[in-house]
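Chemist: Quick one, fold the following:
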Amino acid sequence: MQSGVTGSRGNEVNEQRILVGVFDLLNVGHLSQINSVAGAGVDIHVVVVSDDGVKATLGTSTYLPTHERAAIVSQMRNVDEVSITGPESNWKLPVGDALFVDATLFHEGSHLGGVFAKATAVTATRRPAHPALVATQAVA
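Modeler: Model prediction:
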């Protein structure tokens, strides 16, 4: 990315980072993912995996439809741009200086023919706030 470009938040952008994830249901771990990718002079483009993409990689269905997940993510403070990918777009990803992918998606998507080959895996770690949840949820 060209140095000195002004980003959508009015900041000077020196690097564009791409973060790919499902974001269903959005939780504090996702906020942590986005914040870990953020930084001074960084423009963050979040790519939300479509419902069909979730089914193809993880074998599950989402709670929220693609357009709702994308709309929620687009309102987050450090997010500059949002797009959607999946099998319907041949897993097309925007060009950026660095690619980050949700760790679960990174490992489960290994059969996609190298779509995420140059990516860095990032974990969406959740810490349950209530002690009763600790016994029922694994903390990554």
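
Chemist: any idea how far stretch 49-63 is from the chain center?
Modeler: When C-alpha coordinates are averaged (C-alpha atoms, centre = their mean, to the nearest Å), stretch 49-63 and its chain have centres 14 Å apart.

Chemist: Quick one: end-to-end distance for it.
Modeler: Distance across stretch 49-63, first residue to last, is 13 Å (C-alpha to C-alpha, to the nearest Å).

Chemist: How about it, which residues are buried there?
Modeler: Buried residues in stretch 49-63, counted by 16 or more other C-beta atoms under 10 Å: Val49, Ser50, Asp51, Gly53, Val54, Ala56, Thr57, Thr62. In this view, the C-beta of every residue, glycine as well, is placed from N, C-alpha and C.

Chemist: again with stretch 62-69
Modeler: Thr62, Leu64, Thr66, Arg69.

Chemist: Out of the residues you listed, which is nearest to Gly114?
Modeler: For the buried residues of stretch 62-69, the residue nearest Gly114 by C-beta to C-beta is Thr66; the value is 23.4 Å.
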